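Undergrad: Sharing a model prediction with you, sequence too.
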Amino acid sequence: MLFRNLSLFVFIVLLAVSCKKDDSLLKDPGTLNFSKDTVYFDTVFTRLPGYPYPRSINKRFMIRNPYKETVSVNVRLMRGSTSEFRINVDGLTANVIKDVEILPKDSAWVFVEATLEPNNQTKPALVRDSIEFETNGNRQYVQLAAYGWDAYYFKDSVFKGTTNLILKDKPYVIVNSIFVDNGATLNIGPGLHFYSTTNSTLLDTNNKRFNISTINVLGTLNINGTKEDSVVFEGDRLDPRYKDRSGQWRGIHYYRGSINNTIEHAVVKNAIIGLWVDSLPENLNPNLTINKTIVKNMSAYGILGLTAKIKMENSLVYNCGANTFLGYYGGDYFINNCTFYTSSSGRRDPHFMFNNQMRNDKKVVIKTYDISMTVLNSIVYGPNNIETEIFFDLNTNIGLIKKSDICNCLLRSKSKFGCSNNIFNKDPMFVDINKGNFKLKSGSPAIDAGDVNTATTSDLDNNSRTPNPDLGAYEFQ
């Protein structure tokens, strides 16, 4: 019985083989089809000496076999071991890959990355190579091109004493994280552009890894941009598709004990938490003073204050996953002539919030904090499907609310509060929120609605405010 079953199995296998189409290899010189004739990388930072960082994004293209026979292809990176590009063909990574078989009318993927060497130039320099595909003597080529950009690198750097960064001939790239040490001052001059890696970590003395912010301030950080030369902070991916993608780096964190921090004419974008301020200051000044600054495209918080003292004027915060502004566990907050906006993206919660109470896992309040809130001449708004964009999670017991002055503002809220000059639920008529243009259109209810006695004298663009000042970061022109 066993012998009979075995014989039947062998017969079926032989029958299947005999019926299979003969996919013999193509013998003549073959011409393949390619989904791209050039693989182009936008600007890529050149390599940090001693490290494989940074690498480009991974790009790919397809090889197609147009024949009824299988083709065998030899693939070669033309610059070989000196190439700054890497290729992977059909799962194999090497400078030369032989006998890659592509079945009839089938295809194979080629993946390409680049790690570019420093070029000692201040502008991006073009790097080229090509991939050769040889099929029975016929040679075809796909070109590779990338612009390499040299940078000033900081990797796990600790700034001590007083440091002035003023050179703007090359970008600044932060690998992992940097620290401004206790008692130290880091001054950043106008026009500097900082790019940060995605995952910031810290190894303690026991070699335990912690996730931390990219820029960590224990001392003092002064960011001194101008209207013409803003200081910019963003992630290190330069391809266009990353231009407005949130969550690319961890943001700037001001720790307890950090004092006298200032930001003037800066753009902070595409992080997890843009500006995170911990604890009340150890002097009478705000932990952080922000003026004429844009914070945008955060996956979590634009500005997060934890029992902090923050002064903010003429600034714009928009498109944040959780909150554009969150004053948490109390604190002292002064906001004047600012604009806060976040698109819907399926959310239902307000994006601007004050809180002065801590709860346990069962939502029971276990601690309360003093809080002072001043919001003047500002706009807090959002799309029509959100009823309320400003929320107060406050314990109002006597003495906890040190100050609450919300006046001459345009607010989206189903309930009214603050002074009688507040405007509720009227479209501020921004020029184009989809393009990040939060200037006011003619006819906006925010025009001339400010308080001449409290409004700032100039707006985010350094335009003077009129005798009847407007609400928000921009004066109507």
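TA: Done, it's in. Bear in mind the structure is a predicted one, so any value in this text is a computation, not a measurement.
Undergrad: where exactly do the strands run in the stretch 101-250 of the chain?
TA: For the stretch 101-250 of the chain, the strands defined by DSSP state E, counting those that start in this stretch cover 107-114, 125-135, 138-149, 152-159, 162-165, 172-180, 185-188, 193-196, 201-203, 209-211, 215-217, 220-224, 231-235.
Undergrad: N319 contacts T339, doesn't it?
TA: No: using CB atoms under 8 Å, N319 is not in contact with T339; the gap is 12.0 Å. All C-beta spots, glycine's among them, are computed from the backbone N, C-alpha and C.
Undergrad: Which one's more surrounded, these two?
TA: T339 (27 against 20; other CB atoms under 10 Å).
Undergrad: can you pull the contacts of the more buried one?
TA: With contact taken as CB atoms under 8 Å, 6 or more residues apart in numbering, T339 is in contact with S315, L316, V317, Y318, S378, I379, Y381, F438, G472, A473, Y474.
Undergrad: Now for those, which sits with the most neighbours around it?
TA: Neighbour count (other CB under 10 Å) singles out G472 as the most crowded of the contacts of T339, with 34 neighbours.
Undergrad: hang on, isn't that one packed against I379?
TA: Yes: contact criterion CB under 8 Å: G472 and I379 qualify, at 4.2 Å.
Undergrad: Dig out what N138 forms beta bridges with.
TA: Following DSSP bridges, N138 is listed with bridge partners T135.
Undergrad: rewinding a little: out of the contacts of T339, which is nearest to P350?
TA: Distance to P350 across the contacts of T339 (CB to CB) is lowest for Y381, with 11.0 Å.
Undergrad: Show me where the stretch 201-350 of the chain has its helices.
TA: Counting by DSSP state H, counting those that start in this stretch, the stretch 201-350 of the chain forms no helices at all.
Undergrad: I'd like to know which helix or strand in this structure has the lowest mean pLDDT.
TA: helix 2-19 (a mean of 44; mean pLDDT, DSSP states H and E).
Undergrad: Which SSE is immediately downstream of that helix?
TA: Next helix or strand after helix 2-19 toward the C-terminus (DSSP states H and E): strand 33-34.
Undergrad: Using CSV, write out the CA atom coordinates for the next helix or strand after that next one.
TA: Sequence-wise, the next helix or strand downstream of strand 33-34 (DSSP H and E) is strand 38-45. Extracted in CSV, the C-alpha atoms of strand 38-45 (Å, rounded to 0.1, in the frame of the first residue of the first chain):
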residue,chain,number,x,y,z
THR,A,38,17.2,58.9,-12.7
VAL,A,39,16.9,58.5,-8.9
TYR,A,40,17.2,62.0,-7.5
PHE,A,41,17.6,62.8,-3.8
ASP,A,42,16.9,66.3,-2.7
THR,A,43,19.5,67.9,-0.3
VAL,A,44,21.1,65.4,2.1
PHE,A,45,23.4,66.4,4.9
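Undergrad: low-scoring pLDDT stretches of the stretch 1-150 of the chain, where are they?
TA: Along the stretch 1-150 of the chain, the model assigns pLDDT under 70 to residues 1-23.
Undergrad: Equivalent analysis for the stretch 251-400 of the chain, please.
TA: Filtered on pLDDT under 70, the stretch 251-400 of the chain yields no residues whatsoever.
Undergrad: quick one, what contacts the residue nearest the centre of the chain?
TA: Nearest to the geometric centre of the chain sits N270, at 2.2 Å (CA atoms, centre = their mean). When contacts are counted by CB under 8 Å, 6+ apart, N270 touches E234, G235, Y242, D244, R245, S246, G247, Q248, W249, K296, N297, M298.
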